[in-house]
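Q: what follows is a predicted protein model with its sequence.
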2 protein chains.
Amino acid sequence: MPNCIIASTSTIYGDEPLAYLKEALDKLFINCNEILFIPYARPGGISHDEYTAYIHNIFKKSNKKVVGLHSFSNAQEAISKAEGIFTGGGNTFVLVDQLHRNQLIEPLKDKIKAGIPYLGTSAGSNICGLTMQTTNDMPIVYPSSFKTLGIVPFNINPHYIDPDPDSKHKGETRETRIKEFHTLNSPSVVGLREGSWLRVDGTNIFLRGGLQARIFEKGKKPYEMATGSSLAKLI
Amino acid sequence: MPNCIIASTSTIYGDEPLAYLKEALDKLFINCNEILFIPYARPGGISHDEYTAYIHNIFKKSNKKVVGLHSFSNAQEAISKAEGIFTGGGNTFVLVDQLHRNQLIEPLKDKIKAGIPYLGTSAGSNICGLTMQTTNDMPIVYPSSFKTLGIVPFNINPHYIDPDPDSKHKGETRETRIKEFHTLNSPSVVGLREGSWLRVDGTNIFLRGGLQARIFEKGKKPYEMATGSSLAKLI
């Protein structure tokens, strides 16, 4: 049964990376000495090595070793042997392209569903939904499919941002984009604001952090959900 | 030789749709009694009929009739017989999916390259680049390819927006996203601010409107280009 933290962002404004999640992560990874890091999303195009070293430096304060999935000759085996997994943010198209290209969707899904402690932030959270079709990222690469892990029975929009009532920009708001998603697709979408996360524990899915989430169900008006609420029934 | 207006947006803040382009459009479509409208991008998920009627109401003030491409049983033939073409904005994934699905990329490209007056706004401008990979839209549908018309020898980012120096949001800025595009792709990207357009006239490509554009060339620092500048040498 899944045991995950699915976070909107790795970092909140003015804070150190992952600092706002420290207490939750200490619990999640309590039995892990080593965390397998999936660096494929490459934020800003940094290399897998650079990204892994950056994450390693964060977790070494908690006495955890971080190893990059790219450093294994057999990535499927690395996943199957992992004690804990963290998929970092960056570009979701690049991440999903690499997961499909390396035939890792099913192994990763199976491992997470079997209960390995899993942390996703941003793109690494997006892939926990049914598809990556509510990402905010640019399609800088063409993946073989938009299907993702389906750890939760809905889609996720990380870094959810409310419309700016003073904006003079005519590009679509995030809410408009998610409503457009529902003209062609059925799954509900959880708009996770920065500082929010989903705690998946077996069949339970709870909203955590200090903020509300914005929920989009097809055919319904979007609505707010209070922190602490259960999302297990959302489909 | 192409004869196009490639605009960042159909509408600028506080103005009527296409009003800021009226003078340029009157010249572009001077010899057209009827404009073929491509409504596939479906902004907000509106129907092809609704979208075409909306555009028809704008152009009837200039005594032009607007007909929707969706209303023809043979879309390729409709394109080949058109006097002028306008592709409206909405979701670029939906637009490109439909163009590929209906095998319209080559006919449309050929017709535009042969010199038919063409207007694109937003998604309809994005497709004039080499690929749709610098769109801002959500991937709400999976197109069979990201390749687009290549009317200009670079990519376009419509609705370009500058980073907000006061923002506390940790999602990527537009500039960051375009830089990520260049970690995996070579074409230059023209960030067209709302109120700017490209005037393509034969081998000439000029920036029009009152604003600068932001130019992203791979391996160079992004820079500003003044209105009136030529972009014909940008690749």
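A: That came through, no problem.

Q: all the helices of chain A, residue numbers only.
A: A:22-28, A:48-59, A:75-81, A:92-101, A:105-113, A:123-126, A:174-184 (DSSP state H).

Q: most tightly packed of these?
A: Among the helices of chain A, ranked by average contacts under mean count of other CB atoms under 10 Å in any protein chain shown, first place goes to helix A:123-126 (a mean of 29). Where C-beta positions appear, they are placed from N, C-alpha and C, glycine not excepted.

Q: re earlier: closest to residue B:235 out of the helices of chain A?
A: helix A:92-101 (23.6 Å; CB to CB).

Q: any residue of that closest one touching chain B?
A: Yes: judged by CB under 8 Å from any CB of the partner chain, helix A:92-101 and chain B are in contact via A:93-94.

Q: gap between the residue of chain A most remote from its centre and residue A:17?
A: For chain A, the largest distance from the centre (CA atoms, centre = their mean) belongs to residue A:168, which lies 30.7 Å off. Computed as CB to CB, to the nearest Å, the residue A:168 to residue A:17 distance reads 33 Å.

Q: again with residue A:224
A: For residue A:224, the distance to residue A:17 (CB to CB) stands at 28 Å.

Q: per-residue pLDDT of the spatially most central residue of chain A, please?
A: Centroid-nearest residue in chain A, with CA atoms, centre = their mean: residue A:125, separated by 0.8 Å. Residue-level confidence at residue A:125 comes out at 98, pLDDT.

Q: just residue A:19 next, same as before
A: Per-residue pLDDT puts residue A:19 at 95.

Q: now residue A:164
A: 89.

Q: that one and chain B: what is the separation?
A: As judged by CB to the nearest CB, to the nearest Å, residue A:164 and chain B stand 9 Å apart.

Q: nearest to residue B:32, out of the helices of chain A?
A: helix A:174-184 (30.3 Å).

Q: what's in contact with the closest one?
A: With CB atoms under 8 Å, 6 or more residues apart in numbering or on different chains as the test, helix A:174-184 has contacts from A:133-134, A:136, A:155, A:157, A:160-163, A:172, A:189, A:191, A:214, A:216, A:218-219, A:222, B:42-45, B:90-91, B:94, B:137-138, B:140-141.

Q: quick one: the strands in chain A?
A: Taking DSSP state E as the criterion, chain A contains strands spanning A:3-7, A:34-38, A:65-68, A:85-87, A:117-121, A:155-160, A:189-193, A:197-201, A:204-208, A:213-216, A:223-225.

Q: ok, which of those comes nearest chain B?
A: Nearest to chain B, of all these, is strand A:155-160, at 3.7 Å by CB to the nearest CB.

Q: what's the closest non-adjacent residue to the residue farthest from the centre of chain A?
A: Leaving aside its sequence neighbours, residue A:168 sits nearest to residue B:13 (CB to CB, 6 or more residues apart in numbering or on different chains; 3.8 Å).

Q: got it, and residue A:26?
A: residue A:62 (6.4 Å).

Q: hmm, residue A:58 is touching residue A:18, no?
A: Yes: under the criterion of CB atoms under 8 Å, residue A:58 makes contact with residue A:18 at 5.6 Å.

Q: looks like the residue farthest from the centre of chain A contacts residue B:11 (just checking).
A: No: using CB under 8 Å, residue A:168 is not in contact with residue B:11; the gap is 11.2 Å.

Q: identify the residue nearest residue A:189 in space, chain neighbours excluded?
A: That would be residue A:216: by CB to CB, 6+ apart, it lies 4.2 Å from residue A:189.

Q: right, and the one you found touches residue A:186 too?
A: No: Residue A:216 is beyond contact range of residue A:186, at 11.3 Å (criterion: CB under 8 Å).

Q: between the two, which one's more packed in?
A: residue A:216 (24 against 13; other CB atoms under 10 Å in any protein chain shown).

Q: per-residue confidence averaged over stretch A:146-154?
A: Mean predicted lDDT for stretch A:146-154 stands at 98.

Q: residues making contact with it?
A: Outside stretch A:146-154, the residues that touch it by CB under 8 Å, 6+ apart are A:2, A:4, A:6, A:96, A:105, A:108-109, A:112-113, A:118, A:126-133, A:187-190, A:198, A:200, A:205, A:231, A:234-235, B:139, B:142.

Q: contacts only, for the spatially closest residue to residue A:171 that is not a sequence neighbour.
A: Leaving aside its chain neighbours, residue A:171 sits nearest to residue B:159 (3.7 Å; criterion: CB to CB, 6+ apart). Contacts for residue B:159 (CB under 8 Å, 6+ apart) come out as A:169-171, B:8-9, B:122, B:136, B:192, B:194.

Q: please redo it, this time with the cut-off set to 10 Å
A: Taking CB atoms under 10 Å, 6 or more residues apart in numbering or on different chains, we find residue B:159 in contact with A:169-172, B:8-9, B:89, B:122, B:125-126, B:135-137, B:174, B:191-194.

Q: ok, residue A:102 next?
A: A:40, A:69-70, A:75-76, A:79, A:108.

Q: residue A:121 is in contact with residue A:18, correct?
A: Yes: between residue A:18 and residue A:121 there is a contact at 7.7 Å, judged by CB atoms under 10 Å.

Q: mind listing the shared neighbours of those two?
A: A:7, A:9-11, A:86, A:88.

Q: okay, how far is it across stretch A:157-172, tip to tip?
A: Using CA to CA, to the nearest Å, the end-to-end distance of stretch A:157-172 comes to 15 Å.

Q: isn't the residue nearest to residue A:189 right up against residue A:192?
A: No: the criterion here is CB under 10 Å, and residue A:216 misses it with residue A:192 at 11.7 Å.

Q: can you list the low-confidence ranges for chain A?
A: Chain A contains no residues with pLDDT under 70.

Q: one more time with 90, if that's ok
A: For chain A, the stretches with pLDDT under 90 are A:164-166, A:235.

Q: distance of residue A:106 relative to residue A:148?
A: Going from residue A:106 to residue A:148 by CB to CB gives 12 Å.

Q: also residue A:74?
A: Going from residue A:74 to residue A:148 by CB to CB gives 22 Å.

Q: coming back round to it: overlap of the contact sets of residue A:216 and residue A:192?
A: Contacts common to residue A:216 and residue A:192, judged by CB under 10 Å, 6+ apart, are A:157, A:160.
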